[in-house]
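Show me the folded form of this:
(2 chains)
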Amino acid sequence: DVKVTQSSRYLVKRTGEKVFLECVQDMDHENMFWYRQDPGLGLRLIYFSYDVKMKEKGDIPEGYSVSREKKERFSLILESASTNQTSMYLCASSLWEQGIGYTFGSGTRLTVV
Amino acid sequence: QKEVEQDPGPLSVPEGAIVSLNCTYSNSAFQYFMWYRQYSRKGPELLMYTYSSGNKEDGRFTAQVDKSSKYISLFIRDSQPSDSATYLCAMSEGGNKLVFGAGTILRVKS
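Have a look, this model is predicted:
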């Protein structure tokens, strides 16, 4: 069974900390994505990557950066965590160009205090 | 105005009811339309997708797209308690970027 694995289910971090969220997929997908999910707002795209070492900004990239050194791994970095970054973070990967066929991880619920 | 509008619910129905979930959108360039189901504490999973207008059926689920009205629907027949989840619509112009609705919480009571 294909999988997208997010390293942590729950994280609590302090304001100002540097936070790393890790995502690994085992499907040899070129495309990987980071979303955040907030009540009433749905999923909002933070960053995505079409290939190793490539990245593109999504709709809400401010306060975030990403790293993709290997095809299977896509990391989301909060350079200096703030309380408004408290959210559910979802990683996804896909192979198809049309945007269908996303496979999501189970999410990381991050709380910044 | 959001690009994709979806009533967040919650929508509560008795077991066996027909459920109708809907989204409206403003971008006429959207061509691919998807429904994702998300159980509590899980990531979304693709339920159905449709290209352009028309209907698509898969078991108890039917997806409809009306591009002239910029309106999509998901119907669930003979709803079951196991259908209780959040349902997210998503759309794409083509390419990899999806735009999601806010999600509708569905509760099916036994």
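
Up against chain A, what does chain B have?
With Cβ under 8 Å from any Cβ of the partner chain as the criterion, chain B meets chain A at residues B:4, B:6, B:8, B:32, B:34, B:36, B:41-46, B:49, B:51, B:88, B:90, B:92, B:94-98, B:100-103. For the C-beta atoms, the positions are set from N, CA and C on the backbone; glycine is no exception.

Spatially nearest residue to the residue of chain A found nearest chain B, not counting backbone neighbours?
Ranking the residues of chain A by distance to chain B (Cβ to the nearest Cβ) places A:Phe104 first, at 3.2 Å. Nearest residue to A:Phe104 in three dimensions, chain neighbours excluded: B:Gly43, at 3.2 Å (Cβ to Cβ, 6 or more residues apart in numbering or on different chains).

same thing with B:Tyr36?
With Cβ to Cβ, 6+ apart as the criterion, B:Tyr36 has its nearest non-adjacent residue at 3.8 Å, and that residue is B:Pro44.

ok, now which ones touch the one you found?
Residues in contact with B:Pro44 (Cβ atoms under 8 Å, 6 or more residues apart in numbering or on different chains) are A:Leu43, A:Leu90, A:Tyr102, A:Phe104, B:Tyr36, B:Arg37, B:Gln38, B:Leu88.

Backbone dihedrals for it, please?
Per-residue torsions, B:Pro44: phi -60, psi 150 (degrees, to the nearest 10).

cool, A:Ser87 as well?
Main-chain torsions, A:Ser87, degrees, to the nearest 10: phi -180, psi 170.

what about the residue of chain B found nearest chain A, helix or strand, and which?
Of chain B, the residue with the smallest distance to chain A, taken as Cβ to the nearest Cβ, is B:Gly43 at 3.2 Å. For B:Gly43, there is no helix or strand it lies in under DSSP states H and E.
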